[in-house]
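Trainee: need coordinates for the following:
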Amino acid sequence: MNVMILTYGSRGDVQPYVALARGLRAAGHGVTVAAPARFRTFIEGHGLDFGALSDAMLDLLAAPEGRALIEGSDSPVRIAAKLPNLLSRIGPMQEALLLDSWEIARKSRPDVVLYHPKTFGGPHIAERLGCPAILTLLVPYLVPTGEVPNTIFPDLPLGSGYNLLTYYTVGMLMGLWSTWYEMGLRRHIGLPFQGPINRWRLLPGQGVPAIHAVSAHVVPRPADWSPDATMSGYWFLDSAADWTPPPALAAFLEAGPPPVYIGFGSMAGEGAARLGQVVADALARTGLRAVVASGWGGLRLPEALPATIMPVTEAPHDWLFPRMSAVVHHGGAGTTAAALRSGRPNLVVPFFGDQPFWGRRVNKLGAGPVPIPQGELTTDNLTAALRELTQVPEIQAKAEAIGQKLRAEDGVGNAIRVIEALAQSRRPPSPT
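Mentor: Predicted coordinates:
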């Protein structure tokens, strides 16, 4: 079987798909990964065939106007209010991404197309090539359920009607954004006009099958999902065996008890210096040793640091987190998964999007305190949370219990079995 994987976004949107691609290749399948051009070296370094998608949209989101969209965008209303300012520039970039995706598919001739929601041309490309398409998600935010609201909506006690409405709202908004570009792609690749497209599964039991790279130990699978919506478990790309820490970090870890980890990824904004000062002050109050990741811009530490704080620019989470006593992070899907798998208590300091959802899940699992939104983080509440993380045995025990379950789970293997079965069952009949 020849598989095409379409994904777009930051490292967190790409790395899990590289883990899946490696597993597919080890199972004897051919794989082409289409992703932003900046990840060429990373993907080809794992021995995978690569198709380059333009970096232009990522560059725009990293620019000041893109940062303005992200900064404080913790609700659909705020996102909708800011998005029009970018549409005129994003539109041509989006059209180019769809055409890039088609050209890669035309050359690789896949038997099945796996696509990230951001690469929404996947179903149309698969239709043109006469092969199945499978929606693959890192966050459970598209398949409707009456049990819980969509991840970017508040968790209000309003019942199944409210919960379902949140999914329909997200699906319709995504459809309003994408349909124009999808129609253009269909014209380009020679497909007829299509009416309302159910690629976001707005009708139960219809649309493409969906595989979630999420563990049911962390997010229970809703009972009202149709059978073709599955949870495989996380797709981890382990790098610990191939990575050697810088001498300064290795010496720091050897010099005392396990430190806490604090890092907010690439969630840069005008508050980076304030967050860095809050972190430094809270660590001074608790007396805890800490490894602080400041290399991606999420926080900026003061220039003068005590010997108890080790700043790092980067380190693989699968290597670093198990060596910590606790983890404080922004709540990205991949970071949350790595923190939970490490078995260490963790505190989520969410910025926007699905991050508050992951913070609530960590807390509900008993693996960490109530999340603290980054705009509300203070020296006082971070100090209290650090003490809770490192001094409450019940949190430590529950974190280790969920870690054991995740370490025993084979998310990539589970996903491959689902992909193989779906590709076989949905293969178009051979011409007679």
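
Trainee: name the element residue 395 belongs to?
Mentor: If you go by DSSP states H and E, residue 395 is part of helix 393-407.

Trainee: helices and strands around that helix, which ones?
Mentor: helix 333-342 (3 or more CB pairs under 8 Å, 6 or more residues apart in numbering; DSSP states H and E). (Glycine included, C-beta is placed from N, CA and C.)

Trainee: just the CA atoms of the helix it packs on, as PDB, please.
Mentor: This file holds the C-alpha atoms of helix 333-342, laid out as PDB (Å, rounded to 0.1, in the frame of the first residue of the first chain):
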ATOM      1  CA  ALA A 333      -1.600  18.500  22.500                       C
ATOM      2  CA  GLY A 334       1.800  16.900  22.000                       C
ATOM      3  CA  THR A 335       3.400  18.500  25.100                       C
ATOM      4  CA  THR A 336       0.500  17.400  27.200                       C
ATOM      5  CA  ALA A 337       0.800  13.800  25.900                       C
ATOM      6  CA  ALA A 338       4.500  13.700  26.600                       C
ATOM      7  CA  ALA A 339       4.100  15.100  30.100                       C
ATOM      8  CA  LEU A 340       1.400  12.600  30.900                       C
ATOM      9  CA  ARG A 341       3.400   9.700  29.500                       C
ATOM     10  CA  SER A 342       6.400  10.700  31.600                       C
END
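
Trainee: which helices and strands sit right next to the helix or strand following that helix?
Mentor: In the C-terminal direction, the helix or strand that comes right after helix 333-342 (DSSP H and E) is strand 346-348. For strand 346-348, the packing partners by 3+ CB pairs under 8 Å, 6+ apart come out as strand 326-329, helix 333-342, helix 355-364, helix 379-391.

Trainee: counting by contacts, list what the shortest one packs against.
Mentor: Packing partners of strand 326-329 (3+ CB pairs under 8 Å, 6+ apart): strand 260-263, helix 333-342, strand 346-348, helix 379-391.

Trainee: listing partners with orientation, what would you give for it?
Mentor: Taking DSSP bridges as the criterion, strand 326-329 sits next to strand 260-263 (parallel), strand 346-348 (parallel) in its sheet.

Trainee: deepest in the core, which of those strands is it.
Mentor: With neighbours taken as mean count of other CB atoms under 10 Å, the strands paired with strand 326-329 reach their highest mean count in strand 346-348, at a mean of 29.

Trainee: residues in contact with that strand?
Mentor: 326-331, 336, 339-340, 355-356, 358-359, 362-363, 367-369, 371-372, 385-386, 389, 399 (CB atoms under 8 Å, 6 or more residues apart in numbering).

Trainee: let me see the contact set for the residue nearest to residue 262 when sequence neighbours are not counted.
Mentor: Among residues not flanking residue 262 along the chain, residue 328 sits closest, at 4.4 Å (CB to CB, 6 or more residues apart in numbering). By CB under 8 Å, 6+ apart, residue 328 lies in contact with 260-263, 346-347, 349, 382, 385-386, 389.

Trainee: same list (these) but as CSV, adding distance to residue 17 and pLDDT.
Mentor: Shown next, in CSV, are the contacts of residue 328 (distance: CB to CB, whole Å; pLDDT from 0 to 100):
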residue, distance to residue 17, pLDDT
260, 30, 98
261, 25, 98
262, 28, 96
263, 23, 93
346, 24, 96
347, 28, 98
349, 26, 95
382, 34, 98
385, 33, 98
386, 34, 98
389, 31, 97
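
Trainee: using JSON lines, lay out the residues you listed together with distance to residue 153.
Mentor: Formatted as JSON lines, the contacts of residue 328 follow (distance: CB to CB, whole Å):
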{"residue": "260", "distance to residue 153": "31"}
{"residue": "261", "distance to residue 153": "29"}
{"residue": "262", "distance to residue 153": "28"}
{"residue": "263", "distance to residue 153": "27"}
{"residue": "346", "distance to residue 153": "23"}
{"residue": "347", "distance to residue 153": "22"}
{"residue": "349", "distance to residue 153": "20"}
{"residue": "382", "distance to residue 153": "27"}
{"residue": "385", "distance to residue 153": "25"}
{"residue": "386", "distance to residue 153": "30"}
{"residue": "389", "distance to residue 153": "28"}
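
Trainee: quick one: low-confidence ranges for the stretch 51-200 of the chain?
Mentor: The model of the stretch 51-200 of the chain has pLDDT under 70 over residues 64-87, 194-200.

Trainee: between the strands paired with strand 326-329, which gets nearest to residue 140?
Mentor: strand 346-348 (16.7 Å; CB to CB).

Trainee: any idea which element residue 311 lies in?
Mentor: Using DSSP H and E, the element containing residue 311 is strand 309-312.

Trainee: just give me the longest helix of this structure.
Mentor: When the chain is parsed with DSSP state H, its longest helix is helix 159-189.

Trainee: gap between residue 232 and residue 19?
Mentor: Note on residue 232: its distance to residue 19, by CB to CB, to the nearest Å, is 11 Å.
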